Structure formats: C-alpha cells, structure tokens
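Asks: got a sequence here, can you model it:
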Amino acid sequence: MDLLARLTAELGDAVTVDPVRLDAMRSDKSGFLTPSAPLALVEAERVEHVQTALRLANEAGVGVVPRGTGTGLAAGATGDAGVIVLSVAKMNRIIEIDAADEVAVVEPGVINADLDAALAPYGLWYAPDPASKAISSIGGNIATNAGGLLCAKYGVTREAVLGLKVVLADGRLLQTGHRTVKGVTGYDLTALFVGSEGTLGVVVEATVRVLPRPEGDVVTIGAFFPTVRQAAAASSAIVGARLRPAVLELIDGQSLAAIRAYLGDDAIRDAMGPATGDGFLLVQFDASPAPATVLRAVELIEGAGGQTRVSTDAATGEQLLAIRRACHPALASSGEVLIEDVSVPRSRLADAFDAIAAISEEYGVRIPTIAHAGDGNLHPHFVIEGGVMTPQVGAAADALFRAALGLGGTLTGEHGVGILKRHHLRDELGADSYELQRQLKAVFDPRGILNPGKVFETAR
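Replies: Numbering: from 1, shown residues only. As a prediction, the model looks like this:
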C-alpha cells in the first residue's frame, strides 16, 4: 500500500488531495511560489494525527512541510512536488490559563490575538506581538521566533516560551521545558526548537509565559524628521540613553508616502498636525513613565531635528500608532512587494538606511523601509514593478543581506530563513557552525523528511 493510501486509511477526512487546496499550499505571504503542488495535505486536529502523519512519512522517506496559517514571509512553509503539507491550523484550543502562575497552555493553531483576548479578563496579556498577530498562529510565531512592535521592551517569542510538546520525525512525542519561572535541567531543547522553522519537529503544544497587563498612563510621541537618517540617529540616542520605551518604530519617506495615499492626508494631519518630513519616529512609553523620561526623549528627538507631538490620551495615541500599523497594508495596496527582514546593531541603524538607499540607486529598485528601531530590526520592502520578479530585485536583496552582515548584523530578525535566505546562511554562520547545525538536524531527523529544502541548502 502506498503512502497516500496508508494516510487515508488511518486519517480519513483529515487527508485531502483536492487540487485547489493543494495549489494554495505552494505559497505564503512572501509571494514565493513553488514550481509544483504537494502530494497531499493533512489537516491535523489532534496530536495523534500529527504522530501518524510523521510516522508514515518517515517510514516512506517522504518529506513533510509543517504549516500553520500560512502567513510566513520567507517561504518556510511552502509545499512542493512529492511532499506532504501537515497543517496544524485546526489545532487551535487554548487548553489552560493559569492566572496564579502566569502561564497559558495552547495548541499551535491558536491565533496570537485570540490568546491575548482570552487573557484580558484575567488582567494578563501575551507580549509577543508581530504585525500579523490578528492572523498568525502561535505555532508559526514559535517556528520563526517572531517579534513585533513591543519586543524592544518585552522581548521576542523565545522569552515567552517555557515548554513545548513536539512530535519528532518518527512520530515520537517529546516534552521539553517546564512551567516554572526558572529551570536549567539539561540542555535547553525548548530554546532550540523556537526558531527552528519546522526542521527539527512539529510543535503540538506550548506552555507560554504571560504577563500582567501594564497599568497606568501611556505616553506616545510622534516625530517627523527632514531625513530618515536623522530619525534613525534619534532612535539610537533614545536606546543609548536607556529610556526603555515599549514601542520605538521608524518609517522612511517612501513608506510615509504610501501611508498618506492609503489613509489620506487628514489621518496624518489629525495625528501629527501640520508637521511633515522624510522620516517618522514613533515612541511609546507604558506604565506611567516618569515625566523626566518623556522630557528626555523629546529633548533627544528635537536635538536630532525632529518635530514632535506628545500624546497622553488614548485616542491620540491610537492615531499615532495607526500610522505605523498602516505600513504593511499601505505598501501592499500600492503593488506587489517582497518584504525582507534584517537586523543590525542599534547603533548602526542610520548606516543601514544609508546602505539601503545606495542599493536602491545602484539596482534601480524602490525599497521603502520601516524598522523596529528599538532592536535594530529593519523591514525593507522591495517593490516588484508590474508584479514580475526581476533579476534586479533578487540582486538588490542579496546586496541587502551582504550589507547587513557587513554592519555586524544578521540575515533575519523574525521572519526566518526558509527558502529565500538559505543561500546566505553559511555566510553568516561560518563553515563550522553551518555543518554542526546540519549535523544537529540529522540527530532529530535522520532521514531528512522535516521541511526539506528549507533553511539549509540541499547537501552537495
């Protein structure tokens, strides 16, 4: 009996070979499209489904691509010919909220924002907040170690994950980590799985740390600058002064133009008054910041050439945040874009914007860019004119990766490596680390069935 027949015999309606459904598995939010559709889609609803699918695929030597809600931006969960896509999107139960110990236990398909909403009645919240939080799943956030607007103060997904249940390539169920605040027994396998992009196992349950919701006043500062370099310099100064804002976001002039077209001039004017510029910095302090902290931030911003507006009321603060939240939909509405993700040391943020401008000019590609300035994570948006990916766009992206590494940075801050960056991974890791990581994958996945072709290039 072949694999597809065995899967259907044991999993029934959880298996589909509908061509339309399979075709949808070829892509994610990155815009990348695999050459062919996968062999089958398994939509797991419980742990046993995941175990069965992996056990049978491992016995047959057939690749398995774990997938959540498909919101990835590095083609890390795309299916191609001959593989099975294993979706955990239907595993979406919040199993437990323990307010006393400040933990939640969830299945991987739980939507990030839904977990946060479920925690609200307890006075708790889940801090990792990627821009896709309304549509991305906790499992996918764990797979890529997702960040977001608040990670400058509250950290990325890894800081929130205490323990996991993971199905290994052969179908065994592994439990890692703990429910306690502290725990250092053995190797930290939990941290190893966070950010592993489905190459070591499939997460089927997560125990996550939740926090008391911040209380007190929120102060939001919006600032326009004549140049984006000045805005970047101001953000570095705020970080260097150790002021610790909850949000520190930067938007360049091209992105601002797209946002104006998307929201309308009135929305910008209502939030910021008549001020304008080629760079925008958004700073937010929560939990009733000391007045001296806010004044110091304003001083640093204005010293770098910024025009500020300070809001202490929720409505105006939301208007300012809405400018930043509109970035991705505004750029997407203006045409097809490749959303990239690199990080640099926070002190080199202005240099990174200079490098992007130079790359844009050299390759003739528009690259509107926004940044989580608080942690040096930039999201350049490569505009694909006419919807056709050209060699110039690919070459410009490669130049961006080299520039980030040259500034002491990294290829990815939160999107992952997937397919799109795998050919640069050795450049960042070095030959020894690269080979050790390949060997580590082989320990967990001896037959190489888990997310084949992702993260690592095919062995030569």
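
Asks: okay, now the unreliable bits of this structure?
Replies: For the chain, applying pLDDT under 70 flags the ranges 1, 458-460.

Asks: distance of Glu435 relative to Ala442?
Replies: Separation of Glu435 from Ala442 (CB to CB, to the nearest Å): 11 Å. From N, CA and C alone the C-beta is placed, and that goes for glycine too.

Asks: for Thr78, same thing?
Replies: According to CB to CB, Thr78 and Ala442 sit 23 Å apart.

Asks: more neighbours, the two?
Replies: Remark: of Thr78 and Ala442, Thr78 carries more neighbours, 26 against 12, as counted by other CB atoms under 10 Å.

Asks: so the more buried one belongs to a helix, correct?
Replies: No. Assessed by DSSP: H, G, I helix; E, B strand; the rest coil, Thr78 does not belong to a helix; its assignment is coil.

Asks: just give the nearest non-adjacent residue to it, would you?
Replies: The shortest distance from Thr78 to any non-neighbouring residue, by CB to CB, 6 or more residues apart in numbering, is to Thr34 (5.0 Å).

Asks: OK, contacts around that neighbour?
Replies: Arg26, Ser27, Ala75, Thr78, Gly79, Asp80, Ala81 (CB atoms under 8 Å, 6 or more residues apart in numbering).

Asks: for the stretch 251-400 of the chain, what spans make up the strands?
Replies: 279-285, 307-311, 337-339, 342-343, 369-372, 377-383 (DSSP state E, counting those that start in this stretch).

Asks: need those strands in a markdown table with mean neighbour count and distance to Lys153, can you?
Replies: Shown next, in a markdown table, are the strands of the stretch 251-400 of the chain (neighbours: other CB atoms under 10 Å; distance: least, CB to CB, whole Å):
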| stretch | mean neighbour count | distance to Lys153 |
| --- | --- | --- |
| strand 279-285 | 27 | 9 |
| strand 307-311 | 18 | 18 |
| strand 337-339 | 20 | 24 |
| strand 342-343 | 26 | 17 |
| strand 369-372 | 26 | 11 |
| strand 377-383 | 24 | 14 |
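
Asks: so can I have TSV of those strands showing distance to Arg158?
Replies: Shown next, in TSV, are the strands of the stretch 251-400 of the chain (distance: least, CB to CB, whole Å):
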stretch	distance to Arg158
strand 279-285	23
strand 307-311	32
strand 337-339	22
strand 342-343	14
strand 369-372	16
strand 377-383	14
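
Asks: between those strands, which one is closest to Arg296.
Replies: Nearest to Arg296, of all these, is strand 279-285, at 10.7 Å by CB to CB.

Asks: chain center to that closest one, what's the gap?
Replies: Distance of strand 279-285 from its chain centroid, counting by CA atoms, centre = their mean, to the nearest Å, is 20 Å.

Asks: what's around Ala275, how many residues?
Replies: 17.

Asks: swap that for Pro212, please
Replies: 11.

Asks: now Gly195
Replies: 18.

Asks: how about the one 10 residues further on?
Replies: Using other CB under 10 Å as the criterion, Glu205 is surrounded by 21 other residues.

Asks: export only the CA atoms of stretch 186-197, formatted as CSV.
Replies: What follows is stretch 186-197, C-alpha atoms only, in CSV (Å, rounded to 0.1, in the frame of the first residue of the first chain):
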residue,chain,number,x,y,z
GLY,A,186,19.8,19.5,30.9
TYR,A,187,20.2,21.2,27.6
ASP,A,188,17.7,23.8,26.7
LEU,A,189,15.8,22.0,23.9
THR,A,190,12.9,24.4,24.2
ALA,A,191,15.0,27.3,23.0
LEU,A,192,16.5,25.0,20.3
PHE,A,193,13.0,24.3,18.8
VAL,A,194,12.0,28.0,19.0
GLY,A,195,13.1,29.5,15.6
SER,A,196,13.9,26.1,14.1
GLU,A,197,11.3,26.6,11.3
